Structures are given as structure tokens and as C-alpha cells.
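Novice: let's see this in three dimensions:
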Amino acid sequence: MNKNLLTKLKLWLSPMIGEASFYKISNFYKNDLEDVFSENKTFPLELKISDNLKNFLLKNRKTKILDKLLEKELEFLEKNKINLIDIDSSNYPFLLKNIYNPPPLLFVKGNVKSLSNKCIAIVGTRFPTYYGRDVTTMLAKELSMQNITIVSGLAKGIDAYSHIGVLENSGSTIGVIGSGFKYQYPLENKNLYDAILENKKSAIVTEFPFEKFPDKKNFPIRNRIISGLASGVIIVEANEKSGSLITAMHALNQNRNVYSVPGEITNPKSRGTNKLIKDGAKLITCTEDILGDMFDLELNFSKSLGKENKPENKSISFENKLDEKIYNLILSKKLIQFDEIVENIENDIAEIMDSLFNLIINNFIDEKPGKYYSIF
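Specialist: This next block holds a predicted model:
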């Protein structure tokens, strides 16, 4: 592992780092990133990072805590045969690299090249009906027979059946997890986790260091990787507040194709998928509906499905106090980045992302490249 990659990894292990602050620092220092950890260097005033992060990095120069974390991380990676890929590597998947907030580093176990395959993501409820299970395994199996790699989140429910459908056909699948590799979550999917790794065409990937616990706030964050690796996303059974709709939102912002499987109008698990169809997602009933257009992907970040019909002079009626608080913060700032929202709002990241999602789908705010937000 070269020195530059080691330095990036050390920075990524900082507890207060995020994509935005990582890129600010790495782009500022470029080839002199090691200066961040040098006791002889001061932080220039031009480097705009939070005081908390700056104070931590200054403290680290004396405690060397990041050196200790780096040593543990490297030992775990080597012992468990985990590959580390940074965004400047030729192995970094092209589609993921071109989303608005790509992870700076990827930890990959299994077939690294599978990340650059032609991919479709399949996600949905953790508690599917028999119909949802059957549709998911059918789509996953038939798409894998066309040499398409299926991406999902290795969660229970639709995610699991997506991977299973592929493995039954000995195809290629990628599991994107919301934790470090120290944890296999959920435990009930341990056999599936092992089966993916035994399949030489497949891989498991995360942006999180090995000791990162599977907190619920991690999963909305990892969803952008699921959609970012794929040319399109299929939603199978999702209620109106499902995390799968966050994946759909990421897909729209990344200008990916969004497909939705229709369901019974009386089934709560179909309300999210049926609404997606009404909002402009493509209704699918078979794999042929996907194969015809899935790779006509143009990375045009100005396009966003479902935002053309913005109502004028929409009255503001918020679902909860958090939505109102975040809306007013964005209104006061005109344009604000996600990390700054987190710094100003005391709620956890998962709640903030849910609130941003509510504001976006209600056409109260607009999300721009780089995780910036403005009033719609």
C-alpha cells in the first residue's frame, strides 16, 4: 500500500470526518496531505473545516491516536484479505465515482472487478409478502442470466432475496453493508454473507472502517452507494416511509433509471412503490422492461425525475418540528451543505436524512450536486 493511500486512510479514520470535509482537506493539500499530521505545520485560514475537526487533528499530533487506529485497521485488512480502493484508483467504479458525493475509500472483500460490471440494484421492504419474494428472485435470477450484476444491501427481506436469486444462478452480486467488516449484520444473513464471498464473481463492499458499528444512521448513507454502483434501481414492495425510497431518491439525483414493481392498492407495502410509479418511475412487470433501456445512462446531473411538476406558491405545512427547523435553516443560508446542516441540527444523521427526504419529495427544498440544499 503506497504512502499516499495510507495517509488518506489515516484521515478517513478520524471520528469527525465526512465526505465533504475529507475532500476539502485532500483537495487543499493535494500531494502534501501528510502535512495535516505534521507538528511543524499550521492549518491555513483558507482551509474551511469545522473547529471540532480541526481541534481533533491538532490533538492527534500529540496523542497519535490515528496512528494507532491505522495500525489496527491495516492488521484487520490484511488478516481478512480486504482490499482498499481510493477514488483515484483505476479499480474505483466509474459510475460511483461520478455521483455527487462518492465515498473517498472503499473496503472490498471478494471480486473487486465486479464493482465495475453492468449493474442493477434491487431493494425493498424487510418484510416482503410471498409475491414480493417471488418477484424479487425472478428478476434477480433472470437479470443475472443476462450477465448483469445485482446490487443490494444484504439486509433481511427483499435485499436478501435479491442476492439469493443471483446465487441460485451462480451469477454475480454485490452486497453493500452499513457497517465495518467486523460485524455481520443482520446475523440471520450470515450464511448468505458467506455464500456471496464463496462465489468468486461477487463482492461485499463498505465505506466504513472495520470497527464501525451498524448504527441505523449508517444505512441511509450507504444507500447512495447501492444506487451509485448501478445503472438503475428496482424497488419491490416499500411502504411510504421505507428506506428503499431513500435509495430511489439517491438514484434520481444520480440520474439513474428508477423502476418500480406495482402492487396491490390495499397492501401498505405497495404504497411506496405505487406512488413512485405515479411520480414518474417506470412500471415493470418483467426483465424485458428493464433490458431495453437500462444502459442508456447519461451522467447529466441537472436532470431529476419527478421535479418538473413543481407547484407554484405552495403553502408550507410541515409534518413535524424537525422538518420546519431544517427548512428554516436552509432558508436562512440560501445554500447549505449537508455537513453544515448536521453541525447546526442536534438530531442524529438518520433523522436529518429522513427530514431532508420529506422536504424534497414535498418540493420544499432542492438537492444539488455535492449534497448542497436550497429552497425550491
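Novice: for the residue of the chain most remote from its centre, helix, strand, or coil?
Specialist: Among the C-alpha atoms of the chain, the one farthest from their average position, using CA atoms, centre = their mean, is that of Asn40, at 37.0 Å. Judged by DSSP: H, G, I helix; E, B strand; the rest coil, the three-state class of Asn40 is coil.
Novice: phi and psi next, for it.
Specialist: Note on Asn40: its backbone torsions stand at phi -90, psi 0 [degrees, to the nearest 10].
Novice: show me the contacts for it.
Specialist: By CB atoms under 8 Å, 6 or more residues apart in numbering, Asn40 lies in contact with nothing. In this view, the C-beta of every residue, glycine as well, is placed from N, C-alpha and C.
Novice: state the distance from it to Phe28.
Specialist: For Asn40, the distance to Phe28 under the criterion CB to CB, to the nearest Å works out to 17 Å.
Novice: so who does the nearest residue to Lys24 once chain neighbours are set aside touch?
Specialist: With CB to CB, 6 or more residues apart in numbering as the criterion, Lys24 has its nearest non-adjacent residue at 5.9 Å, and that residue is Ile49. If you count contacts by CB under 8 Å, 6+ apart, Ile49 has them with 21, 24-25, 43.
Novice: just say helix, strand or coil for Ile49.
Specialist: coil.
Novice: gap between it and Asn4?
Specialist: 20 Å.
Novice: Ile65 now?
Specialist: For Ile65, the distance to Asn4 equals 21 Å [CB to CB].
Novice: helix, strand or coil for Glu211?
Specialist: Applying three-state DSSP: Glu211 is coil.
Novice: who are the contact partners of it?
Specialist: The neighbours of Glu211, taking CB under 8 Å, 6+ apart as the test, are 72, 180, 182.
Novice: helix, strand or coil for the first one?
Specialist: Meaning Lys72. With three-state DSSP as the criterion, Lys72 reads helix.
Novice: residues near it, how many?
Specialist: Applying other CB atoms under 10 Å, we find 13 residues neighbouring Lys72.
Novice: over to Asp51?
Specialist: Residues near Asp51, counting by other CB under 10 Å, number 8.
Novice: equivalent analysis for the one 3 residues further on, please.
Specialist: Number of residues near Lys54 (other CB under 10 Å) recorded here: 16.
Novice: show me what contacts it?
Specialist: When contacts are taken as CB under 8 Å, 6+ apart, Lys54 is in contact with Phe43.
Novice: show me the helices in the stretch 101-250 of the chain, by range?
Specialist: Applying DSSP state H, counting those that start in this stretch to the stretch 101-250 of the chain gives helices spanning 130-144, 158-167, 190-198, 218-228, 243-253.
Novice: does Glu46 touch Ile25 like I think?
Specialist: No - with the criterion set as CB atoms under 8 Å, Glu46 and Ile25 do not qualify as a contacting pair; they are 11.8 Å apart.
Novice: looking at the two, which one has more neighbours?
Specialist: Ile25 (22 against 6).
Novice: check which helices and strands the strand or helix carrying the more buried one sits against.
Specialist: For Ile25, the enclosing helix or strand under DSSP states H and E is helix 19-29. Contact partners of helix 19-29 among helices and strands, from 3 or more CB pairs under 8 Å, 6 or more residues apart in numbering; DSSP states H and E: helix 3-12, helix 338-344.
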